[in-house]
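> Fold the stuff below for me.
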Amino acid sequence: MTDDDAAEVIEFGGDASNPSEDRHITELREAMDKISAVTPIAAGAIRGRVGNLTSAAALRVTMMALLAKTQRKRTTYGQAIARMCELSLAWLDSAGLFRTSSDERSTQIEWPELLPELSK
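Modelled structure (predicted):
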């Protein structure tokens, strides 16, 4: 970090490919993927071994664990976000900045579908 407006970032070295650097970056990425608890296929860790998953059914089966985790988070966080919105509107009302009645403060969160619906 610097306060100098004229500061520059200058690359040095010169070798186009550095195997140890590439390996280090790969290891960092793998560690971050493990910590995030995202499934390997969603994180892109299984490159080229799955084939082309073009149907919604194949994607749904392959990413079932991630879809379930996302739905749990949507339920939990959705309720929290709705409650925070209601409290914010109540605060604005009590401060006289934005008048609302208690029935106008209810919030409903509508999440988009994670995968396209299967055609029948």
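> immediately after the helix or strand bottoming out on mean pLDDT in the chain, which helix or strand?
For the chain, counting by mean pLDDT, DSSP states H and E, helix 40-43 ranks last in confidence among helices and strands (a mean of 67). Heading C-terminal from helix 40-43, the first helix or strand you meet, by DSSP states H and E, is helix 56-62.
> how about that next one: buried residues?
Of all the residues in helix 56-62, those buried under the rule 16 or more other CB atoms under 10 Å are 59, 62. C-betas here are computed from N, CA, C, even on glycine.
> From the chain's centroid, how far away is it?
Its chain's C-alpha centre and that of helix 56-62 lie 19 Å apart, by CA atoms, centre = their mean, to the nearest Å.
> On the three-state scheme, residue 10 is what?
Under DSSP: H, G, I helix; E, B strand; the rest coil, residue 10 falls in the coil class.
> let's have the chain start at 54 instead
Taking 54 as the first residue, the last one we looked at is residue 63.
> those helices in the chain, which residues are they?
72-89, 93-96, 109-115, 117-147 (DSSP state H).
> Mean neighbour count, those: which tops it?
helix 93-96 (a mean of 16; mean count of other CB atoms under 10 Å).
> gap between residue 110 and residue 148?
51 Å (CB to CB, to the nearest Å).
> scratch that, residue 133
The value you get for residue 133 to residue 148, if CB to CB is used, is 22 Å.
> ditto for residue 116
From residue 116 across to residue 148, the span is 45 Å (CB to CB).
> and if you look at residue 127?
Residue 127 is 31 Å from residue 148, by CB to CB.
> now residue 122
With CB to CB as the criterion, residue 122 and residue 148 are 38 Å apart.
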